[in-house]
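J.: here is a sequence together with a model predicted from it:
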Amino acid sequence: MSRVDRLAKVEALVSDYGGAQVSRVVPGGEERLDSVLCGVRALSPDADYVVIHDGARPLCPEAVFARTFAAARAHGAAIAAIRATDTVKQATANDWIERTLERRHLWLAQTPQIFERSLFERACEAAHAGGVAATDDAALVERLGHPVRLVEGSRLNLKVTLPQDFAIAEALLRLRQAGGAAWSE
């Protein structure tokens, strides 16, 4: 499927399934950072903050957005994250345990990730100029030396990546439709 065809498909999906919340669809770039830059450059000049949220995290409770935005307004940069509950092992290149990381200091990054716009634009441009790739947007801001506030995310903010994640997401959707109390977090 060509880039033009993919864009048309996304526009059709937005139109068919609740496009009132989407002001416009912007084509992405070759790499993740290129796509982020395309989105940032398409923002209204009046936008003071950049809110980045993965389409792969469709179940994020609204309260997580509210907490993260409040922290971004207070600190300039904030991301949703959850504390690691599993023990995390750092491995060698050939899959031997190198060391055990201290769990009490580990968080698993999620989205939304929210930044003061001018700060985030500087971070993106610096990363782009330096040929830096990052797996999340907070890493770009960290490179500038600006602190990024961690905000309690949600285990319901599942990243749908693997085939079994779809079954988990469907079960969570049924829970939400049934009025499960967990969705008020």
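T.: Received, thanks.

J.: tabulate the CA atom coordinates of the longest strand seen in the chain in PDB.
T.: Using DSSP state E to define each element, the chain has its longest strand at strand 107-116. Extracted in PDB, the C-alpha atoms of strand 107-116 (Å, rounded to 0.1, in the frame of the first residue of the first chain):
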ATOM      1  CA  TRP A 107       9.600   3.100  35.600                       C
ATOM      2  CA  LEU A 108       8.100   1.900  32.300                       C
ATOM      3  CA  ALA A 109       7.400   4.800  30.000                       C
ATOM      4  CA  GLN A 110       4.000   5.200  28.500                       C
ATOM      5  CA  THR A 111       2.100   7.900  26.600                       C
ATOM      6  CA  PRO A 112       0.800  10.500  26.800                       C
ATOM      7  CA  GLN A 113       4.100  12.400  26.800                       C
ATOM      8  CA  ILE A 114       3.400  16.200  27.100                       C
ATOM      9  CA  PHE A 115       5.900  19.000  26.500                       C
ATOM     10  CA  GLU A 116       6.000  22.800  26.400                       C
END
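
J.: need the helix or strand of this protein with the lowest average pLDDT.
T.: helix 3-16 (a mean of 85; mean pLDDT, DSSP states H and E).

J.: how about the strands in this protein?
T.: 49-52, 77-83, 89-91, 97-100, 107-116, 149-152.

J.: re the thing from before, state the mean pLDDT of the longest strand of the chain.
T.: For strand 107-116, the mean pLDDT works out to 97.

J.: what's near enough to touch the closest residue in space to A42 that isn't next to it in sequence?
T.: In space, and not counting its chain neighbours, A42 is closest to V26: 4.4 Å by CB to CB, 6 or more residues apart in numbering. Bear in mind the C-beta positions are built from the backbone N, C-alpha and C, glycine included. With contact taken as CB atoms under 8 Å, 6 or more residues apart in numbering, V26 is in contact with 38-39, 42.

J.: can you pull the pLDDT of V26?
T.: At V26, pLDDT is 88.

J.: so how far is H75 from the most centrally placed residue in the chain?
T.: With distances taken as CA atoms, centre = their mean, the chain has T111 as the residue nearest its mean C-alpha position (2.9 Å). Applying CB to CB, to the nearest Å, the value for T111 to H75 is 17 Å.
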